[in-house]
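Visitor: Next input, structure requested:
(chains A and B)
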Amino acid sequence: MILNHFQTMVIFALAVSAAFAFLSKNEMNERIRYAVWAFLAFLVVALGLGWLMYPFSH
Amino acid sequence: MAQTPMAQTQKIAINPALALVAAAAGWLVPGLGHALLRRWAKAIVYFCAVAILALVGLWMRGNVFSSNAADAFDMLGFLADIGNGIFYFLAGTINPAGADVSKAYGDYGTRLFATAGVLNLLCVLEVLQIGLGSKEEGPAAVPGS
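Guide: Alright, predicted model coming up:
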């Protein structure tokens, strides 16, 4: 099974955001909120940077 | 201002020797240190996070840096990779084909494996903090509760 760049990034974002949530928050509600926020932030920033760099690939 | 029971925090003093043993165990097997301190949820989450990143990184044929580093960057890579504990020592068994960074795919694997190692080192630091009683945690996380 070959993962593409986006799938790899999703796995990275899931694992790191879950770990960061448990490292930095004590309450379960806070952890869930933080993990979702961090996961979406990883994706949005990566996609945004990808589109910003898109013109340089041509 | 009065705090609700869930919002209260407290410091937990535990035997420093146990803290060091838990930290060493947590480095060798991700999450084991927290399990020794009875932080079951954290132990499971950290093990899964580190294991997924490390295994995917190895399956993607990422590079695993050895201790005989050629330059400072290789040494940094080694320090990050060694944080994986058991996954570092079993890297050759998990992926007998070895590293292939001639393609971007292998390069992603190198990053994932290093990320797993650094993440586990953060978890080891947290084990030390909890074990030495310097990290405030909610009552729900008190050992034995």
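Visitor: measure B:V45 to chain A for me?
Guide: 5 Å (Cβ to the nearest Cβ, to the nearest Å). Bear in mind the C-beta positions are built from the backbone N, C-alpha and C, glycine included.
Visitor: likewise B:G77?
Guide: 17 Å.
Visitor: do the same with B:A25
Guide: From B:A25 across to chain A, the span is 18 Å (Cβ to the nearest Cβ).
Visitor: Contact partners for that residue?
Guide: B:L32, B:G33, B:L36 (Cβ atoms under 8 Å, 6 or more residues apart in numbering or on different chains).
Visitor: what's the offset of stretch A:50-58 from the middle of its chain?
Guide: Averaging C-alpha positions (Cα atoms, centre = their mean, to the nearest Å) puts stretch A:50-58 20 Å from its chain's average.
Visitor: Was I right to think A:A21 contacts A:F39?
Guide: No - using Cβ atoms under 8 Å, A:A21 is not in contact with A:F39; the gap is 9.1 Å.
Visitor: Buried residues, the top helix by length along chain A. List them.
Guide: Using DSSP state H to define each element, chain A has its longest helix at helix A:28-53. Using 16 or more other Cβ atoms under 10 Å in any protein chain shown as the test for burial, helix A:28-53 gives A:R31, A:Y34, A:A35, A:A38, A:F39, A:F42, A:A46.
Visitor: and the two most separated of those residues?
Guide: A:R31 and A:A46 (22.3 Å; Cβ to Cβ).
Visitor: Show the end-to-end separation of stretch B:85-98, please.
Guide: 18 Å (Cα to Cα, to the nearest Å).
Visitor: Provide the contact partners of that stretch at residue level.
Guide: B:27-30, B:50-51, B:54-55, B:58-59, B:61, B:64, B:81-82, B:84, B:113, B:116-117, B:120.
Visitor: Packing partners of the longest helix of chain A?
Guide: Packing partners of helix A:28-53 (3 or more Cβ pairs under 8 Å, 6 or more residues apart in numbering or on different chains; DSSP states H and E): helix A:5-24.
Visitor: gap between the two ends of stretch B:128-137?
Guide: By Cα to Cα, one end of stretch B:128-137 lies 14 Å from the other end.
Visitor: That one and chain A in contact?
Guide: Yes - residues of stretch B:128-137 contacting chain A under Cβ under 8 Å from any Cβ of the partner chain: B:E137.
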